[in-house]
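K.L.:
how would this look folded up:
(one chain, ligands or ions: 1)
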Amino acid sequence: MEEITALAKRRGFIFQSSEIYGGLGGFWDYGPLGAVMKRNVKNAWWRDTVELRDDVVAFDSSIIMHPATWEASGHVAAFHDVMVDCRVCKHRFRYDHLKDRARCPDCGSANAFTEPRNFSLMLRTSVGPMEDTSALAYLRPETAQGIFVNFKNVYQSSRKRPPFGIAQIGKAFRNEITPGNLTYRVREFEQAELEYFVPDDGKDMEVFREWVERRKAWYASYGVHQDRLRFYELKPEERPHYARAGVDVEYLFPWGWGELESIAHRGTYDLEAHMRLSGKDLRFFDETSKKHETPLLIESSAGIDRTMLTFLVDAYERETSVDPNGKATERTVLRLHPCIAPVQVAVFSLARNKPELVERARSIERDLRSHFRTQYDEGNIGQLYRRQDEIGTPFCVTVDYETLDDASVTVRERDAMRQERIGFEKLHEYLEERT
Ligand code: GAP
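P.N.:
Down below sits the predicted model:
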């Protein structure tokens, strides 16, 4: 993780938030490459969950909602972790994370913990000119509730009836006791949530399984190592009381297995809770039973920051190759999927001071720019390759002296480091097939 954190900073993927002031725990900024990569992760999810289906509609709700939302959802009463403080070093820990409940993992003091107590994960703010309790509001800890309270607005305006889904990507906030592991556990993050509503006609578990399979296929299609990914079926005692089934998607990070996404069958719990507190009817009219029904809910809730971190960790490799003369060279490479990589094609001029080469390379890069995410660079070819390997660029195109005679370029592929000579007229097609 230290190596990946250093690379993420050096190459402009992830910076500590407000670093010049010493940073703020649990908050991170995405640099020029990180911002592009994160957008690619979101697009990949959105494409598969919304655009490629005719039964899922898009949504974008506000971060701050009426505080009653969080009473109905149960967050005000129960969204907390249990924490303890070490009386000696003053460090704070999540009680459920402590391996040894008698000895402080930081300073080693024995029996120095305070009594365990609840700590609300809800971040508060106030809305309007008054700062009294009537102005109290929360930054949403999940995007899902924005969908639930709008269920009726959405199905009426989009003329949908269950089975159908509502999807949203947006910021969520949790005042985590112990943020850590780069962007794995943070206080401000993005969620990609799909809420799929089904009639209570006995097919709900089938739909639940279909979503688990769809999400499995999604991770596999972006090349995540299958032996580092598991779909953990929650046992009845591990599920929240309202959940009828649950699968956690977990990845084997350098520090152990960590959750990326939770897929849950939430029954009628959420809509019923909002109907009770608001007094509004959120049921739909079921044409089969000719009755007003509360639909069942299947949820897939993924963290964008955790997914991006997974793609980075999973792609990271340091490899040593030995040339025919026995000389070993080491390189760091991010084997990112071409749809996720921030740069897809880098175009180089072999020399900085040869205007014909520079002009030709720049013109090729300009032509490719409207089809691929490109970058122009020039100089020492070894250094250029090393830099692009580190940021995960799948293809490098080099304009050299021969280019001026034979109208072709050298295309070097990141993973096998294979090089091919490709004519100008074939270049676009060659890259398109492979990205
Ligand atoms: N609506 C259901 C829900 O929010 P969750 O398991 O609490 O379920 C879903 O959260 C996902 O959101 C997690 O699997 C994780 O990827 C992401 N997530 C939750 N808390 C996070 C945090 N503190 N930092 C980064 N990602 C987080």
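K.L.:
CA atoms for contacts and neighbours, from now on please.
P.N.:
Noted.
K.L.:
in this protein, where's the longest helix?
P.N.:
Longest helix in the chain, counting residues (DSSP state H): helix 204-221.
K.L.:
return the set of buried residues in that one.
P.N.:
By 16 or more other C-alpha atoms under 10 Å, the buried positions in helix 204-221 come out as 204, 207-209, 211-212, 215-216, 218-219.
K.L.:
and those residues, which is closest to A192?
P.N.:
R215 (12.2 Å; C-alpha to C-alpha).
K.L.:
thinking again about what came up before, partner strands of the following helix or strand past the longest helix of the chain, with direction?
P.N.:
With elements assigned by DSSP states H and E, the helix or strand that comes after helix 204-221 is strand 229-233. When pairs are called by DSSP bridges, strand 229-233 turns out to pair with strand 245-253 (antiparallel).
K.L.:
direction-wise, compare the partner strand with helix 204-221 and give the angle.
P.N.:
Counting by axes from the mean of the first three to the mean of the last three C-alpha atoms, to 10 degrees, strand 245-253 lies at 10 degrees to helix 204-221.
K.L.:
give me the phi and psi for the closest residue to L121 other than its chain neighbours.
P.N.:
Once flanking residues are discounted, L121 sits nearest to N175: 4.5 Å by C-alpha to C-alpha, 6 or more residues apart in numbering. Taking degrees, to the nearest 10, you get phi -80, psi 70 for the backbone angles of N175.
K.L.:
got it, and E272?
P.N.:
phi -60, psi -40.
K.L.:
any idea how far L297 is from it?
P.N.:
According to C-alpha to C-alpha, to the nearest Å, E272 stands 11 Å off from L297.
K.L.:
the more surrounded of the two?
P.N.:
Taking neighbours as other C-alpha atoms under 10 Å, E272 and L297 compare with L297 leading, 28 against 21.
K.L.:
need the pLDDT of the more buried one.
P.N.:
pLDDT recorded at L297 is 98.
K.L.:
if it is in a bridge, with which residues?
P.N.:
With DSSP bridges as the rule, L297 is bridged to F197, G267.
K.L.:
that one touches E195, doesn't it?
P.N.:
Yes - contact status for L297 versus E195: in contact at 6.6 Å, counting by C-alpha atoms under 8 Å.
K.L.:
still on that earlier bit, quick one: list the elements packing against the longest helix of the chain.
P.N.:
Packing contacts for helix 204-221, counted by 3 or more C-alpha pairs under 8 Å, 6 or more residues apart in numbering; DSSP states H and E, involve strand 256-267, strand 296-303.
K.L.:
does that helix reach the ligand?
P.N.:
No - against the ligand, helix 204-221 shows no contacts by C-alpha under 6 Å from any ligand atom, the least distance being 12.8 Å.
K.L.:
show residues contacting that helix.
P.N.:
Helix 204-221 is contacted from outside by 48, 198, 226, 247, 263-265, 296, 298, 300, using C-alpha atoms under 8 Å, 6 or more residues apart in numbering.
K.L.:
compare those and tell me which has the most neighbours.
P.N.:
Busiest of these [other C-alpha under 10 Å] is I298, holding 28 neighbours.
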